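Novice: Dropping the sequence and predicted coords here.
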Protein chains: 2
Amino acid sequence: MSVTIKDVAKKAGVGLGTVSRVLNNHPSVSEETRKKVLDAIKELDYNPNAIARSLKVKSTKSIGVMIPDISSAFYPDIVRGIEDIANEYKYNIILLNTDLKREKEKEALIMLKEKKADGILFISNTISEKLKRDFKKVNIPIVLIATKDDESEFYSVTIDNERAAYEATKYLIKLGHKRIAMIAGKKEDPNAGIPRINGYKRALEESGLKLDENIIFYGDYKFKSGYQNMLKVLKLKDKPTAIFSASDTMAVGAASCAMQHGFKVPDDFSIIGFDGVELAEYFYPPITTVKQPRYEMGAKGMEMLIKILQGEDVEREVQLDFELIERSSCKVKGES
Amino acid sequence: MSVTIKDVAKKAGVGLGTVSRVLNNHPSVSEETRKKVLDAIKELDYNPNAIARSLKVKSTKSIGVMIPDISSAFYPDIVRGIEDIANEYKYNIILLNTDLKREKEKEALIMLKEKKADGILFISNTISEKLKRDFKKVNIPIVLIATKDDESEFYSVTIDNERAAYEATKYLIKLGHKRIAMIAGKKEDPNAGIPRINGYKRALEESGLKLDENIIFYGDYKFKSGYQNMLKVLKLKDKPTAIFSASDTMAVGAASCAMQHGFKVPDDFSIIGFDGVELAEYFYPPITTVKQPRYEMGAKGMEMLIKILQGEDVEREVQLDFELIERSSCKVKGES
């Protein structure tokens, strides 16, 4: 069996994304890590091009990437991860923006069938029964990224959204906050919506805090809905002292709204976001967040797809680690 | 001659990007505009698929897109513009991240030659003599986006960077600022570097303001260099009251730095950015900026490339309009 990038990662004791970064000469890798990876490559005699050549001849060497919107902050890092692995194995990416519209998803699948794509990476939207049927109809290997289907019929790369939301809420509780609002995602979204709400509720419950459904606000993960939900928070008589937002972009919207109305972050409201996008890092104050490993999710999904195309065994559901990044938007309750 | 998307845009009296948005069902188009475009499509009997089919049979229907880094804020909108036009004409995009490295650019060109790409869109990096030779060697039609070569040997889509920087500086001067620092790009960058510095200097000169080379700081367009250059500004004895930054991301870095050190934006420093990325819009205070039409630049570049492939006449150098967007990071000098 040929040596894969995964073997290199294991040997070097680093993540898949790190190996990919080394192969792509990313500046963010330390010299020490780079050396470890290069040593592993040498020892294992790893050669991505040789593997690529060994693939079946009928392959078009193209992979369809179905993404809601490349211009939305969450996705470019995922695509970069996909691209870096794809380029090593000499695959093309056919990038298709679906804007979360079923009609466009259907069109994209038809196009990828026509183009004889070897595989498909489907990113982030919910998987309806109808879409599942369409997936089966095109009969092209598919890996889901940042989403999964109820019955795990398809390969997927995600994080544990419930646990990540639980940790975010726990973090606020540990800072002494007792009245914590949530700016949630969509009520019916089985990925970024429901599990994050469940994690929030579980953290409150475990800590013996009262759940108040009136301070769960629903949004669409975008700036405006964070801003507008914060307006509702500001009108409450019994205001929360902390807010958990199901996306960084909504968290920034909420913080902007609070500051524009003369409140201070974190003095008046501690705010924690979700995703780990650049916007949260560069906002002032920098927003504490739960970071999803987006580059790694893209790289891992592409790597799984290539393995599937090579006929290798692949784990059906992969969950990558998230990371709570402490910045300056949260503080101990009551401290000034 | 077949009807192109440009004819539709002309007929409807709207921009190319707008037609593309209508064809792609973007939510951002007003009903009135949508109707105008659809009427024009009907009248002209425009059919992108028919045009696509009429193209030479040897085409692989794939276009190489060479981009510094899809995960950097400036680029996703350009790629989205490219994609939307590409999908209408049933083209694939082969996306290649070059990280502004010559070695990667060379590898990318070799790969695109191997893959028999019909055309190439090259985004944003400077065009060296060596790269020009490589471009000629691969002998694939190329359109440059957000960059151009000295002698205009290649087709290009840009904005007038000198004039845009001039307008940004003039804006600060009109607000009464007399001591205006610049956080510039790279000294040797003929696109986003030199022309923006020249525009800044011309505005000062025309207004009879003294040019002080000591308050021009050079950066790499990223957050950290905006932050670090602002540290230098804060150490000046004779501090400027306004700052023109050659990128939004540096402007946000500068504003963060000022605020972290107890200064207020815009009370202590008026700051204007450049590019029009989301980060500037969502920062608090929202950053006034010169917006580059990134989506349109991508769409226009792709449209030009398709015309070239169809053997049609295309203007060699296209300059699109920029837009000064007033937000809350600048104010009249001395007003409080």
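Specialist: Here it is on my side, so go on. Numbers count the residues shown, from 1 in each chain, chains lettered A, B, ... in the order given.

Novice: could you pull out the strands for the stretch 201-336 of chain A?
Specialist: Secondary structure of the stretch 201-336 of chain A by DSSP state E, counting those that start in this stretch: the strands cover A:216-218, A:242-245, A:270-275, A:288-291, A:317-320, A:323-325.

Novice: helices or strands next to the third one in the packing?
Specialist: Here strand A:270-275 touches helix A:161-174, strand A:242-245, helix A:248-260, strand A:288-291, going by 3 or more Cβ pairs under 8 Å, 6 or more residues apart in numbering or on different chains; DSSP states H and E. Every residue, glycine included, has its C-beta placed from N, CA and C.

Novice: For the last one, what is the distance to the chain centroid?
Specialist: It stands for strand A:288-291. Computed by Cα atoms, centre = their mean, to the nearest Å, the chain-centroid distance of strand A:288-291 equals 12 Å.

Novice: other SSEs contacting that strand?
Specialist: So strand A:288-291, by 3+ Cβ pairs under 8 Å, 6+ apart, packs with helix A:161-174, strand A:270-275, strand A:323-325.

Novice: Likewise for the first one?
Specialist: When contacts are defined as 3+ Cβ pairs under 8 Å, 6+ apart, helix A:161-174 packs onto strand A:180-184, helix A:194-206, strand A:242-245, strand A:270-275, strand A:288-291, strand A:323-325.

Novice: does A:Val314 really touch A:Lys307, like I thought?
Specialist: Yes. Under the criterion of Cβ atoms under 8 Å, A:Val314 makes contact with A:Lys307 at 4.9 Å.

Novice: Give me the more crowded residue out of the two.
Specialist: The neighbour comparison of A:Val314 against A:Lys307 (other Cβ atoms under 10 Å in any protein chain shown) goes to A:Lys307, with 19 against 16.

Novice: wait, what's in contact with that one?
Specialist: A:Thr4, A:Lys6, A:Asp313, A:Val314 (Cβ atoms under 8 Å, 6 or more residues apart in numbering or on different chains).

Novice: Most neighbours among those, please name it.
Specialist: Counting by other Cβ under 10 Å, top hit in those: A:Thr4 with 20 neighbours.

Novice: how near is A:Asp99 to A:Met111?
Specialist: 15 Å (Cβ to Cβ, to the nearest Å).

Novice: quick revisit: okay, the helices and strands packed on helix A:161-174 in JSON lines with mean neighbour count, mean pLDDT and distance to A:Ala168 next?
Specialist: Output for these, formatted as JSON lines (neighbours: other Cβ atoms under 10 Å in any protein chain shown; pLDDT from 0 to 100; distance: least, Cβ to Cβ, whole Å):
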{"stretch": "strand A:180-184", "mean neighbour count": "27", "mean pLDDT": "98", "distance to A:Ala168": "10"}
{"stretch": "helix A:194-206", "mean neighbour count": "20", "mean pLDDT": "97", "distance to A:Ala168": "8"}
{"stretch": "strand A:242-245", "mean neighbour count": "30", "mean pLDDT": "98", "distance to A:Ala168": "5"}
{"stretch": "strand A:270-275", "mean neighbour count": "28", "mean pLDDT": "98", "distance to A:Ala168": "5"}
{"stretch": "strand A:288-291", "mean neighbour count": "24", "mean pLDDT": "98", "distance to A:Ala168": "5"}
{"stretch": "strand A:323-325", "mean neighbour count": "15", "mean pLDDT": "98", "distance to A:Ala168": "7"}
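
Novice: So for A:Thr169, which of those sits nearest?
Specialist: When these are compared by Cβ to Cβ, helix A:194-206 sits nearest A:Thr169, at 3.6 Å.

Novice: What is the closest one packed up against?
Specialist: Using 3+ Cβ pairs under 8 Å, 6+ apart, the elements in contact with helix A:194-206 are helix A:161-174, strand A:180-184.

Novice: Most tightly packed of the ones you listed?
Specialist: strand A:180-184 (a mean of 27; mean count of other Cβ atoms under 10 Å in any protein chain shown).

Novice: quick one: is it near chain B?
Specialist: No. Applying Cβ under 8 Å from any Cβ of the partner chain, one finds strand A:180-184 separated from chain B by no less than 15.0 Å.

Novice: how far out from the middle of the chain is that strand?
Specialist: 20 Å.

Novice: quick one: strands adjacent to it?
Specialist: strand A:216-218 (parallel), strand A:242-245 (parallel) (DSSP bridges).
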